[in-house]
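Novice: Return a 3D structure for these sequence lines:
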Amino acid sequence: MRKICHIRCNDKYWEKLNVYSRYAKIKKQYNYYEKIIELWDKSLKIKHLNFRKKIRDIIIDHISITGCFDIILESNQCCEQYFKNNSSENVIFYQQDDDDIFLFLPKSQDLYPGINIFQYSFIDPIGGRRKKGYKTRDFDLNGLTNKLQSNHCVIYNNNKGIDINKHLLYEADHTYYDELLATNKNHIYSYPISIQLYHLHSISVWKHQFKFSQYNYCEENLFLQFVSNYIKELQTLYINNKTIPLLNDINNMYKQLL
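Specialist: Alright, predicted model coming up:
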């Protein structure tokens, strides 16, 4: 039984700005991202893409050190190449973004064939996307009030199971697992195995600010205030949640921005 972790991202994305093509088509919105990143690179001590790479390195090093996986596929392209040369049979398959916090992988005997669904846990220091703070919420499969995301699911293929090539899971978006539920068995657990962290460098966070904030963060003073507030709130979250793996390392990395 091969235990495989797929890090959801494009290969070497940190070498240039890379956003979803549907984002780039909305010119006004895309121009906003460009201005924010330009302001970041001018005003902060670590450039935007360099910072993302540093966070990535911390996350992947941690996953490797846990020893939970036989294979870590570090990009969508690596994942595609692997499964074009290897079958989906007898694998435990887990996916997450390269800036989320991995907690642990349950033992094989504690997993069920199909999709194993764990509690959705997240940290949002300033309410950039979710409610502010560190939250863990139940997943109500019957009510369908919460959408599945890849980082709180584990696929357990005993024998054939879910064909990763057929479903193109190496390029699927975060919520594609909703579609897998229609034809595959599932089991729900009452604890999380990862924490989705809404980072300051995330384009989706800035998309939320662009659409819903009353402030224009392209103004340098407002941008710096936003950054300062994020760092302060992240520090508070760390002080109150010191047992969360990597949170101290991530917190210390953010402190270097100003």
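Novice: hey, let's count contacts and neighbours off CA atoms from now on
Specialist: Noted.
Novice: Would you map the helices across this structure?
Specialist: 21-24, 27-43, 48-66, 76-85, 177-181, 203-212, 220-240, 247-255 (DSSP state H).
Novice: Now the residue nearest to the spatial centre of the chain: closest residue in space, sequence neighbours ignored.
Specialist: Residue closest to the average C-alpha location in the chain (C-alpha atoms, centre = their mean): residue 97, at 3.2 Å. Distances taken as C-alpha to C-alpha, 6 or more residues apart in numbering place residue 8 nearest to residue 97, at 4.8 Å, with adjacent residues excluded.
Novice: picking that back up, residue 151 is in contact with the residue nearest to the centre of the chain, correct?
Specialist: Yes - between residue 97 and residue 151 there is a contact under C-alpha atoms under 8 Å: 7.4 Å.
Novice: And the strands in the stretch 101-250 of the chain, which stretches?
Specialist: 101-102, 114-117, 120-124, 133-137, 153-157, 186-188, 194-197 (DSSP state E, counting those that start in this stretch).
Novice: Is it possible to get a markdown table of those that adds mean pLDDT?
Specialist: Formatted as a markdown table, the strands of the stretch 101-250 of the chain follow (pLDDT from 0 to 100):
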| stretch | mean pLDDT |
| --- | --- |
| strand 101-102 | 97 |
| strand 114-117 | 94 |
| strand 120-124 | 94 |
| strand 133-137 | 90 |
| strand 153-157 | 96 |
| strand 186-188 | 90 |
| strand 194-197 | 95 |
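Novice: Format those strands as a markdown table; extra columns: distance to residue 258 and mean neighbour count.
Specialist: Shown next, in a markdown table, are the strands of the stretch 101-250 of the chain (distance: least, C-alpha to C-alpha, whole Å; neighbours: other C-alpha atoms under 10 Å):
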| stretch | distance to residue 258 | mean neighbour count |
| --- | --- | --- |
| strand 101-102 | 23 | 26 |
| strand 114-117 | 39 | 22 |
| strand 120-124 | 20 | 22 |
| strand 133-137 | 22 | 15 |
| strand 153-157 | 36 | 25 |
| strand 186-188 | 42 | 16 |
| strand 194-197 | 20 | 21 |
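Novice: could the ones you listed be laid out in TSV, adding distance to residue 92?
Specialist: Formatted as TSV, the strands of the stretch 101-250 of the chain follow (distance: least, C-alpha to C-alpha, whole Å):
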stretch	distance to residue 92
strand 101-102	15
strand 114-117	10
strand 120-124	19
strand 133-137	24
strand 153-157	5
strand 186-188	14
strand 194-197	16
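Novice: which one of those lies closest to residue 216?
Specialist: strand 120-124 (20.2 Å; C-alpha to C-alpha).
Novice: quick one: contacts of that closest one?
Specialist: Residues outside strand 120-124 that contact it (C-alpha atoms under 8 Å, 6 or more residues apart in numbering) are 130-139, 152, 192, 194-199.
Novice: What residues does residue 59 make contact with?
Specialist: So residue 59 contacts 98-102, 246 (C-alpha under 8 Å, 6+ apart).
Novice: want to try CSV for those, with distance to residue 147 as columns?
Specialist: What follows is the contacts of residue 59, written out as CSV (distance: C-alpha to C-alpha, whole Å):
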residue, distance to residue 147
98, 20
99, 20
100, 18
101, 19
102, 20
246, 26
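Novice: Nearest to residue 41 among those residues?
Specialist: Once C-alpha to C-alpha is applied, the member of the contacts of residue 59 that ends up nearest residue 41 is residue 99, at 19.5 Å.
Novice: how close does residue 114 get to residue 170?
Specialist: Computed as C-alpha to C-alpha, to the nearest Å, the residue 114 to residue 170 distance reads 17 Å.
Novice: weakest of the helices of the chain by average pLDDT?
Specialist: The minimum mean pLDDT among those belongs to helix 21-24 (a mean of 60).
Novice: Might one say that residue 160 is in contact with residue 113?
Specialist: No - look at residue 160 against residue 113 with C-alpha under 8 Å: they stay out of range, at 10.0 Å.
Novice: Neighbour count: these two, which is higher?
Specialist: Between residue 160 and residue 113, residue 113 has the larger neighbour count (other C-alpha atoms under 10 Å), namely 18 against 12.
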